[in-house]
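**Student:** sequence and predicted structure, then a few things I'm wondering about:
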Amino acid sequence: MQKTPTISIFLTVGILILGLAIFAKQFGFDPNPGWGKGRIALLIVGLLVVFMPWMVNKRSTVLNRKAQGDLFALPSLLAVLGIYLAFISISYEFTSSYYSLLATSFKNGELALPLKPDPALLELPNPYDPAARQGIKVPVDISLYNGKFYLYWGPAPSLLVAIFQSFLSMKVSEAQLLFIFMSGIFLSQFLLIMNLRERFFPEIPKWLVLPSIFFAGLANPTLWLLSQPKIYETAIAGAQFFFIAGFTSAVLSLGHQPFSRWGLALAGVFWALAVGTRSIMVFPVGFMTFMVLYLLFKTYSRSFFRLVAEVIPLGLPLFIGALGFCWYNWARFGSFFETGFTYQLAAPYLQKHINELFLPSYIFQNLYNYLLNPFIIKQSFPFLYPIRGRIEEILSWPILPELYTAQAITGLLCTTPFLVFAILPAARYVKELFGKHRAQKFSENSNTASLRWIITSLLGSFALPFISLLVFFWAAMRYAEDFIPALTLLSIIGFWQGYQATLQNSSKGKMYTAVGLLLAGLSILVGALLALSIYSTRGLF
């Protein structure tokens, strides 16, 4: 059994916790300058995490070389997280605190937000009509039901915040949550990248792994989200963190025999939290649950009791999460499946156009905006600026409903050209699926998470959220984070596959590598410049 190196993860997470303890006042977690019990507890936890690898290997005079094989990546991890911290610090003043408000309600045994609606709003015959509530102060995109305000976003982050605040008595804002979630996405991707290299791409040199790590951490819209730390971005990042963390847990658990039941249980917990953060994640989570169950059935189909024993660790957290989420909806709105979206006080009159929110007629328009909508170049720094997505029909048919709208958005082919490498594993998969040798077995154990299984899982994890966005009436750059982490990993796999294929031809290999590094560098640079331009384009959001 191969063991993926994780020392850099321990060091990075430990340093983050230590930084949080030392600079808690500067980060806004603790208004008191002194060292209270919470900060001391964080300091101890941080030190334990930093020294954990050495404590585990205390009997060895020198750490196993394989165990410390990822230390070369530590500077890149710290650099990416340092960039995250810089962006979140600059944009901190634009944050909100809805999750913290709901956490306060949870601690008080309430499900509604601790905000009182304006009596003038409650007196309206139809408060959901934006024209009717003009002149009345109303929090935007909050749900109003039976005289109370609710969040239609999932409760999972608020539940975690409530638990965290109970122990440490620290205030948590959306900016802090966003930083944690984006860091979690990146560290989960790093673990998966290192595992993929160890199992399937040992020929990839370290100097080629580093730009892949930087690309995974800085590909657009990562910095774009960090530049506007509100609940919209935090909900998307939180759901994606829980999903990718669960994906990584599943891959690591299924990558060897016997499968890790604890790892599968962790995947189930993460995926339950993903749906509990953003209900749209039910589609990729359902797909990944099917993929894991397929592999378990394939491996243990001859032993029913063993199959059940392997399924329970994954299925139990998902079942409990589904029951809890349904109860949460029913307790608020009297319906298991009503999240509050129907009662949302949005800028457009959603209730009037409820049948136009998801339509196939948006597909071509969204394809253009998410893939091709350009940026503009100006002489002033940061030189690259996004423009509002196109709302005029790009085709004469089908007719685009007037409800359709788009915020500032730049197409992926313009911002992140490195993603074209995702075509390589997808094309190879299709060729193997329909080619003459489709029945040929891979060299790795077919009863573990093979590269084909991982690629299939990533394709589904990308395609399902992407398709759901294509039929949605609203296009925005932040929504791309729903599928970019999976697509990023696919493109890295494709780039590495191409590198392997050109190893026998030195000249082609050098040219291929140079093109790949150029596209990765351009993707990082364009994403950073567009994120920096956000302060002059806030009106497009």
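**Tutor:** Looks like it arrived, so ask away.
**Student:** wait, residue 11 sits on residue 70?
**Tutor:** No. The pair residue 11 / residue 70 is not scored as a contact, 9.7 Å apart, by CB atoms under 8 Å. From N, CA and C alone the C-beta is placed, and that goes for glycine too.
**Student:** tell me which of these two has more neighbours.
**Tutor:** Ranked by neighbour count (other CB atoms under 10 Å), residue 11 and residue 70 place residue 70 first, with 25 against 20.
**Student:** so which helix or strand of this structure has the lowest pLDDT on average?
**Tutor:** helix 24-27 (a mean of 65; mean pLDDT, DSSP states H and E).
**Student:** next helix or strand past that one?
**Tutor:** Towards the C-terminus, the helix or strand next in line after helix 24-27, according to DSSP states H and E, is helix 37-56.
**Student:** show me where this protein has strands.
**Tutor:** Assigned strands in the chain, in chain order: 143-145, 148-150, 375-377, 384-388, 405-406, 408-409, 474-475 (criterion: DSSP state E).
**Student:** tabulate those in JSON lines, adding columns for mean neighbour count.
**Tutor:** JSON lines is the format used below for the strands of the chain (neighbours: other CB atoms under 10 Å):
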{"stretch": "strand 143-145", "mean neighbour count": "20"}
{"stretch": "strand 148-150", "mean neighbour count": "21"}
{"stretch": "strand 375-377", "mean neighbour count": "13"}
{"stretch": "strand 384-388", "mean neighbour count": "19"}
{"stretch": "strand 405-406", "mean neighbour count": "18"}
{"stretch": "strand 408-409", "mean neighbour count": "25"}
{"stretch": "strand 474-475", "mean neighbour count": "22"}
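**Student:** which strands or helices does the lengthiest helix in the chain pack on?
**Tutor:** As far as residue count goes, and with DSSP state H defining each element, the longest helix of the chain is helix 304-333. For helix 304-333, the contact count by 3 or more CB pairs under 8 Å, 6 or more residues apart in numbering; DSSP states H and E identifies helix 261-277, helix 282-300 as packing neighbours.
**Student:** how far does the shortest one sit from its chain's centre?
**Tutor:** On the basis of CA atoms, centre = their mean, to the nearest Å, helix 261-277 sits 14 Å off its chain's mean C-alpha point.
**Student:** buried ones in it, by neighbour count?
**Tutor:** Within helix 261-277, the residues that count as buried by 16 or more other CB atoms under 10 Å are 263-277.
**Student:** that helix - what's its average pLDDT?
**Tutor:** Averaged across helix 261-277, pLDDT comes to 97.
**Student:** next: stretch 369-384.
**Tutor:** The predicted model gives stretch 369-384 an average pLDDT of 95.
**Student:** take that stretch, keep the C-alpha atoms, and write them as CSV.
**Tutor:** The C-alpha atoms that make up stretch 369-384 are tabulated as CSV, following Å, rounded to 0.1, in the frame of the first residue of the first chain:
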residue,chain,number,x,y,z
ASN,A,369,-21.0,34.0,-21.1
TYR,A,370,-19.2,31.2,-19.2
LEU,A,371,-16.8,30.2,-22.0
LEU,A,372,-16.3,33.2,-24.4
ASN,A,373,-17.4,36.5,-22.9
PRO,A,374,-14.2,38.7,-23.2
PHE,A,375,-12.5,41.1,-20.8
ILE,A,376,-11.4,44.5,-21.8
ILE,A,377,-7.9,46.0,-21.7
LYS,A,378,-7.2,49.5,-20.2
GLN,A,379,-4.1,51.5,-19.7
SER,A,380,-4.6,51.8,-16.0
PHE,A,381,-3.6,49.1,-13.5
PRO,A,382,-4.6,46.2,-13.3
PHE,A,383,-5.1,46.6,-17.1
LEU,A,384,-7.6,43.7,-17.4
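**Student:** what sits up against that stretch?
**Tutor:** For stretch 369-384, contacts defined as CB atoms under 8 Å, 6 or more residues apart in numbering pick out 385-387, 389-390, 406, 409-415, 466, 469-470, 475, 480, 526, 528-530, 532-533.
**Student:** ok, back up a step: looking at the buried residues of helix 261-277, which is nearest residue 80?
**Tutor:** The nearest member of these to residue 80, counting by CB to CB, is residue 270 at 21.3 Å.
**Student:** and that closest one, how close does it get to residue 47?
**Tutor:** Taking CB to CB, to the nearest Å as the measure, residue 270 falls 26 Å from residue 47.
**Student:** what of residue 323?
**Tutor:** Shown here: residue 323 relative to residue 47, a distance of 38 Å by CB to CB.
**Student:** just residue 402 next, same as before
**Tutor:** In this structure, residue 402 lies at 58 Å from residue 47, with CB to CB as the measure.
**Student:** higher neighbour count, the two?
**Tutor:** Under the criterion of other CB under 10 Å, the comparison of residue 402 against residue 47 puts residue 47 first, with 14 against 11.
**Student:** contacts only, for residue 239.
**Tutor:** For residue 239, counting by CB under 8 Å, 6+ apart, the contacting residues are 154, 274-275, 277-278, 280-281, 482.
**Student:** hang on, the earlier thing: got a markdown table for the strands of the chain, with distance to residue 421 too?
**Tutor:** Shown next, in a markdown table, are these (distance: least, CB to CB, whole Å):
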| stretch | distance to residue 421 |
| --- | --- |
| strand 143-145 | 41 |
| strand 148-150 | 43 |
| strand 375-377 | 21 |
| strand 384-388 | 22 |
| strand 405-406 | 27 |
| strand 408-409 | 22 |
| strand 474-475 | 24 |
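**Student:** residue 243 contacts residue 282, correct?
**Tutor:** No. Using CB under 8 Å, residue 243 and residue 282 do not qualify as a contacting pair, with a distance of 10.7 Å.
**Student:** neighbour count winner among the two?
**Tutor:** Relative neighbour count places residue 243 above the other of residue 243 and residue 282, with 29 against 16, counting by other CB under 10 Å.
**Student:** nearest spatial neighbour of the more buried one, chain-adjacent residues omitted?
**Tutor:** Residue nearest to residue 243 in three dimensions, not counting chain neighbours: residue 274, with 4.2 Å by CB to CB, 6 or more residues apart in numbering.
**Student:** distance of the one you found relative to residue 229?
**Tutor:** 20 Å.
**Student:** can you check residue 452 too?
**Tutor:** The span separating residue 452 from residue 229 equals 38 Å under the rule CB to CB.
**Student:** in terms of neighbours, single out the busier of these two.
**Tutor:** Under the neighbour definition other CB under 10 Å, residue 452 and residue 229 were set side by side, and residue 229 has more, 26 against 16.
**Student:** tell me how far that one lies from residue 420.
**Tutor:** Counting by CB to CB, the gap between residue 229 and residue 420 amounts to 30 Å.
**Student:** also residue 363?
**Tutor:** Distance, residue 363 to residue 420, by CB to CB: 21 Å.
**Student:** so what's residue 287 closest to, chain neighbours aside?
**Tutor:** Counting by CB to CB, 6+ apart, the nearest residue to residue 287 once its immediate chain neighbours are dropped is residue 460, at 4.4 Å.
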